[in-house]
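# when you get a sec, could you give me coordinates for this:
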Amino acid sequence: MGITLYTSRLILTTLGIDDFGIYNVIGGMVSMFLFLNTAMSSATSRFLTFEIGKGEKSEISKVFSVSLTTHLIIIAIIFVLCESIGVWFLNSKMIIPEDRVCAANIVLQTSIAASLINIIQVPYRAIVVSYEKMDMYAYIEIFNVVSKLLIAIALIYTTYDKLITYSYLYLVTCVVVFLIYAVYANSRCVGANFSPKLDKDILKPMLTFTGWDFYGNASVVVRTQGVNMLLNIYFGPVLNAANGIATQVQGAAMSFAANVMAAFKPQIIKSYAFNDFERMNQLIFAAGKFATVLMLLTSIPLMIEMKFVLTVWLGDWPQYTSELCRLTIIFNMISNLSAVLIIGIHATGNVRRPNVINGTLYFLVIPITYITFKYFGSGPLLPFVINIIAVIIGLLCNMWTLSILVQSFQLKKFFISIFTKCSIVGSVTYGLTYIIYILLAEGWGRFCFVICISSIILLFFSYYILMNSSERNFINKMVRSKICKFK
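Sure, this is the predicted structure:
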């Protein structure tokens, strides 16, 4: 998390606000064409984990081969779309300074190449996580962020166009990370041997899953990048830079919670594969609690001390950055809890209902944003508020969907013991910490004190309000065992 934030500062400082905004909006445009791959990625992860849970080694190999073959087809489709629609849109619709059009086109090409490499990486990464090789997964991801830090440092000393240099070096990092995943998966994961095939018995359920997930994932991409492009059209690259910074803060705040999800997801799907619904429900409730607490640990201090953090991190920042960061963090806290329920829904393989409901909600963000920008002259913060409203409705719908698909899932209990209690714990922690914040002078002392006091308050209320007796006993035993090691 620390490396990611520091890297973002170096890149923003080195590239400048306009070039950083250009890179962000072009990367966002390319990612709009990846919605098909995003849906297929979810299917790959789900079906690989399901077969590993059942212990069918031959089926694992078939799923992997079908998945990789399908991803190669997706690469061909996305390449055509990017090189036609993407190039046209960049050169005819986007607001790019005249002297940066050539650089923007080079960045577009390297972004396309990096995206295609990331697509082919998906099955290899999925099988590593499905086998719960979390140590190797961690090493690779740490290497990934350290590489990006080294790229940011290299930019300071380059005399060539920094935006173009950054895009080339980022592409090289993507290639290296892919090769590491591919070599490790082939050598350590049973079933990761590829032979081109499209087995209809495997492909049909995967495509059915992907088809419905496609709508939901496309809506997320359109909502996210559509808002980014509307910001570019109505407010220019500076707002894209502000949105890019907010995205970096979002990723940093989500990092702890995302790792909890990565650890819980294979176990939830394997429990469903074994028909162990009691364990599946326990894992969903536990994931909801622990992911939310870890999210709040980083989010509350960030939200309260956002301006101080941005000043230390970036020095100067684009207008609206602090507001966008706060709204993005609120969105993520709700989205994070909804993602836990999505894991359970994906385990069942029945993804039609949540994708139709959530996808429609997310698609509506774009026309509403366009109307308010064009006819009412609203400010750039409104689409982020609309996003929050949409994700709250989506969360409630996901609870309802999971209760239908897994009848042992207790909707009312989840709403009260997870959603409601987490909201109370987060709100009380924020309120008490904010009172202390306004009484102290700005500086590193207050920042460190806010982190400490918010963590103490949050963990205290989480322990006594969120955790049940068995979880508290587990925590007590773990703490005692750690203390005994130091005696």
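# what lies in contact with the lowest-mean-pLDDT helix or strand in the chain?
Using mean pLDDT, DSSP states H and E, helix 17-32 stands out as the lowest-scoring helix or strand of the chain, at a mean of 73. If you take Cβ atoms under 8 Å, 6 or more residues apart in numbering as the criterion, helix 17-32 is touched by 11-12, 15, 82, 86, 89-90, 94, 96-97, 100, 103-104, 107-108, 111-112, 115, 162-163, 166-167, 221-222, 224-226, 228-229, 232, 236-241, 243-244, 247, 318. The way it works is simple: take the backbone N, C-alpha and C, and place the C-beta from them, glycine included.
# quick one: which of those sit in helices?
Counting by DSSP state H, the part of these found in helices is 11-12, 15, 89-90, 103-104, 107-108, 111-112, 115, 162-163, 166-167, 221-222, 224-226, 228-229, 232, 237-241, 243-244, 247.
# out of these, which end up buried?
11-12, 15, 90, 103-104, 107-108, 111-112, 115, 162-163, 166-167, 221-222, 224-226, 228-229, 232, 237-241, 243-244, 247 (16 or more other Cβ atoms under 10 Å).
# from T165, how far off is L314?
21 Å (Cβ to Cβ, to the nearest Å).
# let me fix that, I meant to ask about F409.
51 Å.
# so which of these two has more stuff around it?
F409 (21 against 17; other Cβ atoms under 10 Å).
# isn't V122 right up against L48?
No. Look at V122 against L48 with Cβ atoms under 8 Å: they stay out of range, at 10.6 Å.
# any idea how many residues pack against K148?
Count around K148 with other Cβ under 10 Å applied: 20.
# any idea of the pLDDT on K487?
Note for K487: predicted pLDDT of 61.
# now do the shared contacts for V122 and L48.
With Cβ under 8 Å, 6+ apart, V122 and L48 have common neighbours S67.
# among the two, which residue is more densely surrounded?
A count of neighbours by other Cβ under 10 Å puts L48 above the other of V122 and L48, at 27 against 22.
# send the alpha carbons of the one helix or strand the more buried one maps to over as CSV?
If you go by DSSP states H and E, L48 is part of helix 35-54. Extracted in CSV, the C-alpha atoms of helix 35-54 (Å, rounded to 0.1, in the frame of the first residue of the first chain):
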residue,chain,number,x,y,z
PHE,A,35,-15.6,-6.2,-20.2
LEU,A,36,-15.8,-9.5,-22.0
ASN,A,37,-12.5,-10.6,-20.4
THR,A,38,-13.6,-9.5,-17.0
ALA,A,39,-16.7,-11.7,-17.2
MET,A,40,-14.6,-14.7,-18.5
SER,A,41,-12.1,-14.2,-15.7
SER,A,42,-14.8,-14.7,-13.1
ALA,A,43,-16.0,-17.8,-14.8
THR,A,44,-12.4,-19.2,-15.1
SER,A,45,-11.8,-18.6,-11.3
ARG,A,46,-15.1,-20.1,-10.3
PHE,A,47,-14.9,-23.3,-12.5
LEU,A,48,-11.3,-24.0,-11.7
THR,A,49,-11.9,-23.6,-8.0
PHE,A,50,-15.0,-25.7,-8.2
GLU,A,51,-13.2,-28.6,-9.9
ILE,A,52,-10.3,-28.4,-7.5
GLY,A,53,-12.8,-28.6,-4.6
LYS,A,54,-14.2,-31.8,-6.2
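# distance between that helix and the chain's centre?
17 Å (Cα atoms, centre = their mean, to the nearest Å).
# mean confidence score for that helix?
75.
# quick check: angle from that helix to helix 17-32?
Angle of helix 35-54 versus helix 17-32, following axes from the mean of the first three to the mean of the last three Cα atoms, to 10 degrees, is 60 degrees.
# helix 35-54 packs against which elements?
With contacts taken as 3 or more Cβ pairs under 8 Å, 6 or more residues apart in numbering; DSSP states H and E, helix 35-54 sits against helix 57-81, helix 101-130, helix 200-235, helix 237-273, helix 321-348.
# chain center to the one helix or strand V146 maps to: distance?
Assigned by DSSP H and E, V146 belongs to helix 134-157. Computed by Cα atoms, centre = their mean, the chain-centroid distance of helix 134-157 equals 18 Å.
# buried set for it?
M136, Y137, I140, V145, S147, K148, L149, I151, A152, L155.
# what's around the residue nearest to the third one when sequence neighbours are not counted, how many residues?
When the adjacent residues along the chain are set aside, I140 lies closest to I180, with 5.5 Å between them (Cβ to Cβ, 6 or more residues apart in numbering). I180: 18 surrounding residues under other Cβ under 10 Å.
# which residues touch A339?
Here A339 is in contact with M261, A291 (Cβ under 8 Å, 6+ apart).
# repeat that for the one 3 residues further on.
Remark: with contacts taken as Cβ under 8 Å, 6+ apart, I342 is in contact with P354, N398.
# and it, how far is that from E278?
I342 is 20 Å from E278, by Cβ to Cβ.
# kindly report the same for M306.
Distance from M306 to E278, by Cβ to Cβ: 42 Å.
# higher neighbour count, these two?
Shown here are M306 and E278; by other Cβ under 10 Å, M306 has more neighbours (18 against 10).
# wait, doesn't that one sit right on L327?
No. Using Cβ under 8 Å, M306 is not in contact with L327; the gap is 10.8 Å.
# show me where the stretch 351-487 of the chain has helices.
For the stretch 351-487 of the chain, applying DSSP state H, counting those that start in this stretch gives helices covering 352-376, 382-405, 411-414, 421-439, 444-461, 469-486.
# you'd agree K57 is up against V190?
Yes. If you go by Cβ under 8 Å, K57 and V190 touch, sitting 5.7 Å apart.
# which parts of this structure belong to which domain?
Using automatic domain parsing, the domains assigned to the chain come out as 2-409, 428-476.
# winner for burial among those domains?
A comparison of the domains of the chain by mean neighbour count, using mean count of other Cβ atoms under 10 Å, puts domain 2-409 on top with a mean of 19.
# any idea how far it is from the chain center?
5 Å.
# likewise for stretch 425-445?
For stretch 425-445, the distance to the chain centre is 28 Å (Cα atoms, centre = their mean).
# ok, and what's touching that stretch?
292-293, 296, 300-301, 303-305, 308, 333, 446, 449-450, 453-454, 457-458, 461-462, 465-466.
# wait, K307 sits on S322?
Yes. In this structure K307 lies within contact range of S322 using Cβ under 8 Å: 5.3 Å.
# kindly export stretch 407-416 (C-alpha atoms) in CSV.
Extracted in CSV, the C-alpha atoms of stretch 407-416 (Å, rounded to 0.1, in the frame of the first residue of the first chain):
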residue,chain,number,x,y,z
GLN,A,407,-31.7,-21.2,1.3
SER,A,408,-29.6,-21.7,4.4
PHE,A,409,-28.3,-18.2,4.0
GLN,A,410,-30.0,-15.9,6.5
LEU,A,411,-30.7,-12.5,4.9
LYS,A,412,-32.1,-10.9,8.1
LYS,A,413,-29.1,-12.1,10.2
PHE,A,414,-26.6,-10.8,7.6
PHE,A,415,-28.3,-7.5,7.4
ILE,A,416,-28.3,-7.0,11.1
